[in-house]
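[1] would you be able to build a 3D model of this:
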Amino acid sequence: MNDVERFKAVCHGEQPDYVPIFGFPGSPGMGGGCMVKTHQRLVETGMPEWVDGCIALGQERKTESWYHYWGTTGPIYPDFSIAEPAQGIKSESHIEGDREIIEYETGALTSQVIDNDTTYAMPEFIIYPVRDRQSWEFCRERTTPGPMRPDEEIAADCRKLADRTKPLAVNAGSTWGTLRGLMGPEKACTVLYDDPQLAHDIMNWLSWERRTYVFPLVERLRPEIISCGEDNCYNHGMLISPRHFEEFCSPAYREIGQVGRDCGADMVSIDTDGNYMEMVSLVEACGINAIHPSEVKAGNDLFALRENHPEFILMGWLEKEVVNEGNGHLIEEEIMSKVPPLLAKGRYFPNGDHGIQPPVTFENLCRFMTLLHEVTGNPEGEFPRVSR
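    Now for the predicted structure:
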């Protein structure tokens, strides 16, 4: 079987030749590389330098050598759009002490650590791009894609993906998650009460953009995955009420779910950190069948989800910190208590519950991967196996 065939088998509760260690960009677990400082730490503690997978924000991910060495995999994405790029939003930056200050023509203002693309820490968003209707209309104008590309160019790009051996994902964007990115989490919550018409107008524009530029690409490519991103949960649950999700988000997800069914997508997924337990029923009713990354410390319980949602595709849920220095003794219990029983029920992609952290050691990651490959029957990878 190839990667596409294994992916499809797991999604549909069938038995592949082995279960892949599969990670999405944004929630790669152990499957798809790591941030620069973490990569340096792995090399310092023994990983060969030629193993790439080094992730820097805003730069192309080079994960093939990571996949080859660690015996993991992930989706591919189209590297083209059916329209010309949007005008975009201009910005200028300068250094103040140990911070980089970024000023945008939207009026937004951000402060972050210097070289934040490689030394990632959450920036301080001093002023968000959208504060009111006027600032929203400015952002909308600058971010609306340009004219459609010639059909023959699009067709030529699509043909390059026709004989793929890895699952293809098309990104369908977000709903409230976009609102949060534009306004900040506090304003994105209160606007649902204070100015619901503005919130609806933004959601409606996002749906128009999706119908115009994303759904036609899905229809042409017939991808295995339609991926969305929300980040609308925190460590106790959803940041907005189920009622507000139904009103502002569900209409878009029903459309996305329907397009996924019509075009034969095996997975329609949402990336959201935090505790998403309450969210599963809401999105499953819309035709969404997967959420990742299933963080452990947020209180997600995949055993309960499997019991109550037998056809939902489960991902991750292995505590990432077990591969950190001093934690190697936790690896066996973490994997053996979760992976075999979930694999027995099917529709489960085992992996770490989010990205690898800088305190990781190469030995611990080898120990983790050795056992995970054993329980999934995965023969891939060149990393040195560590016996228990």
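
[2] and the helix or strand residue 367 falls within, what other elements does it pack with?
    Using DSSP states H and E, residue 367 maps to helix 362-376. On a contact count with 3 or more C-beta pairs under 8 Å, 6 or more residues apart in numbering; DSSP states H and E, helix 362-376 meets helix 331-336, helix 339-345. For the C-beta atoms, the positions are set from N, CA and C on the backbone; glycine is no exception.

[3] give the buried residues for the first one.
    Going back to what we said before, that points to helix 331-336. 331, 334-335 (16 or more other C-beta atoms under 10 Å).

[4] tell me the gap between that helix and the middle of its chain.
    24 Å (C-alpha atoms, centre = their mean, to the nearest Å).

[5] run through the neighbouring helices and strands of that helix.
    Applying 3+ C-beta pairs under 8 Å, 6+ apart, one finds that helix 331-336 makes contact with helix 362-376.

[6] in the helix it packs on, what's buried?
    Result for helix 362-376 [16+ other C-beta under 10 Å]: buried residues 362, 364-373, 376.

[7] any idea of the mean pLDDT for stretch 92-101?
    Regarding stretch 92-101, the rounded mean pLDDT is 95.

[8] same question, stretch 1-10
    On average, stretch 1-10 scores 98.

[9] tell me which residues in it are buried?
    3-4, 6-10.

[10] direction included, what does the worst-scoring helix or strand of the chain on mean pLDDT pair against?
    When the helices and strands of the chain are compared on mean pLDDT, DSSP states H and E, strand 54-55 comes out lowest with a mean of 78. Looking at strand 54-55 with DSSP bridges, its partner strands are strand 34-35 (parallel).

[11] give me the contact list for the partner strand.
    28, 42, 53-56, 118, 120, 355-356, 358, 360 (C-beta atoms under 8 Å, 6 or more residues apart in numbering).

[12] drop anything exposed from those.
    Counted by 16+ other C-beta under 10 Å, the contacts of strand 34-35 give 28, 42, 53-56, 120, 355-356, 358, 360 as buried.

[13] which pLDDT value belongs to the nearest residue to residue 80 once chain neighbours are set aside?
    Nearest residue to residue 80 in three dimensions, chain neighbours excluded: residue 157, at 4.4 Å (C-beta to C-beta, 6 or more residues apart in numbering). Looking at residue 157, its pLDDT reads 98.

[14] now swap in the one 10 residues further on and tell me
    In this prediction, residue 167 carries a pLDDT score of 98.

[15] isn't residue 342 up against residue 315?
    No - if you go by C-beta atoms under 8 Å, residue 342 and residue 315 don't touch, sitting 10.3 Å apart.

[16] what about residue 84, how many residues nearby?
    Neighbour count of residue 84, defined by other C-beta atoms under 10 Å: 11.

[17] just the endpoints, please. Distance across stretch 176-189?
    Stretch 176-189 has an end-to-end distance of 9 Å (C-alpha to C-alpha, to the nearest Å).

[18] what is the mean pLDDT for that stretch?
    So the average pLDDT for stretch 176-189 ends up being 97.

[19] what is the nearest of the buried residues of stretch 1-10 to residue 281?
    residue 10 (22.2 Å; C-beta to C-beta).

[20] what helix or strand does the closest one sit in?
    helix 3-11.

[21] kindly export that helix (C-alpha atoms) in CSV.
    What follows is helix 3-11, C-alpha atoms only, in CSV (Å, rounded to 0.1, in the frame of the first residue of the first chain):
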residue,chain,number,x,y,z
ASP,A,3,0.4,6.6,1.8
VAL,A,4,-2.9,7.4,0.1
GLU,A,5,-4.2,3.9,0.4
ARG,A,6,-3.1,3.6,4.1
PHE,A,7,-4.7,6.9,4.9
LYS,A,8,-8.0,6.0,3.3
ALA,A,9,-8.0,2.6,5.1
VAL,A,10,-7.6,4.2,8.5
CYS,A,11,-10.2,6.9,7.8
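
[22] which strands or helices does that helix pack on?
    Against helix 3-11 (3+ C-beta pairs under 8 Å, 6+ apart) you get no helix or strand.

[23] repeat the analysis, applying 10 Å as the threshold.
    strand 267-271, strand 348-349 (3 or more C-beta pairs under 10 Å, 6 or more residues apart in numbering; DSSP states H and E).

[24] chain center to the last one: distance?
    So the one you mean is strand 348-349. So, by C-alpha atoms, centre = their mean, the centroid of strand 348-349 is 15 Å from its chain's centroid.

[25] quick one: strands adjacent to that strand?
    Counting by DSSP bridges, strand 348-349 is paired with strand 314-315 (parallel).

[26] contacting residues around the strand it pairs with?
    10, 22-24, 27, 29, 31, 267, 269, 271, 280, 290-294, 300, 302-303, 305-306, 342, 345-351, 353 (C-beta atoms under 10 Å, 6 or more residues apart in numbering).
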